[in-house]
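Colleague: Test case, fold it:
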Amino acid sequence: MTAATLETAHEGGAGSGLGAAAELLAVGGLGLFAFPLAWLLRATLGLSEAELAVGFVFFHAAHFVNDPHFLVTYLLFYRDARRRALDPSIDPAQRRRYVLAGFVVPVVLAAWAVAALAAASAQAIGWMAQAMFLLVGWHYGKQGFGVLVVLAARRGFHFTAPERRAVLAHVYAAWAFAWASPASAAGLFEERGVVYWAPARPALLTTLTGGLFALSAVGLVVALGAALRRRGTLPLVPLLGFLVTLWSWTVYSTVDRLVQYAIPALHSLQYLYFVGLLRSNEARAEEGPPTFGPPVRTRLVALAVSSVVLGFVVLRAGPELLDTALALGTAPGGEALGPAPVFAVVYVAVNLHHYVMDHVIWRREHAETRWLFGPG
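Modeller: Next up, the predicted model:
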């Protein structure tokens with residue numbers, strides 16, 4: 001979720017999500033439990049065996065958590081696409097964002113991917129991967145910001161404009177520092193079997209972005225102090241979700257090698273919690289008259305099954321079939337593409353498109369975000 005501008009007038013957390021403890025775990029608390037669990041696994045199994053076990057678990061868990069979190073975005077985004085693109089009652093800026101994200105961006109990504117594969121160009125695929133690495137910190141940071149402002153608003157807590165700016169400044173500084181770290185020389189890198197050249201990230205850049213991150217942290221503390229004086233309290237669960245997302249999953253994601261395997265799944269679980277909140281509240285409102293829609297559980301199960309199936313087809317079975325049929329990695333001049341270049345470009349393109357679609361869906365201008373706060 002990239003809720004850079006989500007805010008609402010709803011008070012008191014209307015609608016129902018998980019219980020307080022379960023919500024805490026879903027939006028970031030599990031990320032804290034991952035560290036003692038990783039320590040226990042290392043102490044019990046040793047680093048090599050623990051890494052093998054954790055890697056195995058999260059590789060297969062991706063079928064049911066990571067992959068569906070990408071594909072459910074498509075189910076949310078393209079539902080009622082014609083109205084969202086053309087209805088004059090929708091904010092024009094939001095319609096432009098929708099058309100750009102929903103129709104222009106995927107065409108550009110598809111053309112880029114096809115051209116790279118047709119030319120057997122590992123470097124063209126590499127630039128796609130570099131774009132993904134550049135934007136992933138922005139995506140994680142904005143999702144963390146959405147966790148903070150949405151869950152705080154559900155509790156009746158609204159940040160002032162200066163406080164929001166301080167939080168966003170910390171998000172952007174964290175994004176820059178995460179991208180610039182660690183410093184590295186120009187050279188060959190590998191992504192999903194594709195070997196490509198990438199430019200250097202100099203130590204000076206790491207130092208500068210680290211300084212900005214530290215300054216923004218001071219600004220965040222000042223803003224939270226002002227909010228505490230104004231309200232006498234802080235929204236602790238939303239704040240924890242924000243800080244875990246930004247610090248543990250974005251900036252300091254390499255602190256623990258075992259936990260690093262779990263971060264994409266934890267991020268996906270956090271995202272899926274808000275999807276469930278959105279769709280369950282919408283379904284609950286439509287169960288009765290005048291629509292008499294399907295029960296909440298039926299709609300959520302259908303959404304979950306559709307996301308899992310689509311995730312398997314789009315991110316697993318489809319690319320594997322094409323890689324086998326086309327054999328681009330073994331074609332003359334294509335050795336650098338590795339054994340699964342179609343999988344590589346699909347994975348990168350879906351990531352990039354997911355980031356862009358999220359930036360459109362999770363905004364206050366998007367009418368359906370009201371369901372985050374309950375029916376009515």
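
Colleague: Enumerate every residue touching P68.
Modeller: Counting by CB atoms under 8 Å, 6 or more residues apart in numbering, P68 makes contact with S268, L272, A304, S307, V308, L310, G311. Using the backbone N, CA and C atoms, a C-beta is placed for each residue, glycine as well.

Colleague: So which of those is the closest to A122?
Modeller: Taking CB to CB as the measure, A122 lies nearest G311 of the contacts of P68, at 26.0 Å.

Colleague: The closest one contacts T73, correct?
Modeller: No - using CB atoms under 8 Å, G311 makes no contact with T73, being 10.8 Å away.

Colleague: Helix or strand for E190, just tell me which one.
Modeller: strand 187-191 (DSSP states H and E).

Colleague: Next: V195.
Modeller: Assigned by DSSP H and E, V195 falls in strand 194-198.

Colleague: What are the contacting residues of that strand?
Modeller: With CB under 8 Å, 6+ apart, strand 194-198 has contacts from 122-123, 125-127, 129-130, 186-190, 336-338, 341, 344.

Colleague: Quick one: buried ones out of those?
Modeller: A122, I125, G126, W127, A129, Q130, A336, L337, G338, P341, A344 (16 or more other CB atoms under 10 Å).

Colleague: what's the closest of these to H63?
Modeller: A344 (18.2 Å).

Colleague: Please report phi then psi for the nearest residue to the closest one once chain neighbours are set aside.
Modeller: Excluding the flanking residues, the one nearest A344 by CB to CB, 6 or more residues apart in numbering is R192, at 3.8 Å. For R192, the backbone dihedrals (degrees, to the nearest 10) come out as phi 50, psi 40.

Colleague: Same check on the one 10 residues further on?
Modeller: Here the main-chain torsion angles of P202 (degrees, to the nearest 10) amount to phi -70, psi 160.

Colleague: and it, what pLDDT?
Modeller: On pLDDT, P202 comes in at 96.

Colleague: Touching, it and A183? I think so.
Modeller: Yes - between P202 and A183 there is a contact under CB under 8 Å: 6.1 Å.

Colleague: and which of the contacts of P68 is nearest L40?
Modeller: Of all the contacts of P68, L40 sits closest to S268, with 23.5 Å by CB to CB.

Colleague: The one helix or strand the closest one maps to packs against which elements?
Modeller: Element membership for S268 (DSSP H and E) is helix 257-286. Secondary-structure packing of helix 257-286 (3 or more CB pairs under 8 Å, 6 or more residues apart in numbering; DSSP states H and E): helix 30-45, helix 47-61, helix 66-77, helix 122-154, helix 296-312.

Colleague: Could you tell me how many residues sit around E49?
Modeller: 12 (other CB atoms under 10 Å).

Colleague: Same check on the one 10 residues further on?
Modeller: The number of residues packed near F59 is 11, by other CB under 10 Å.
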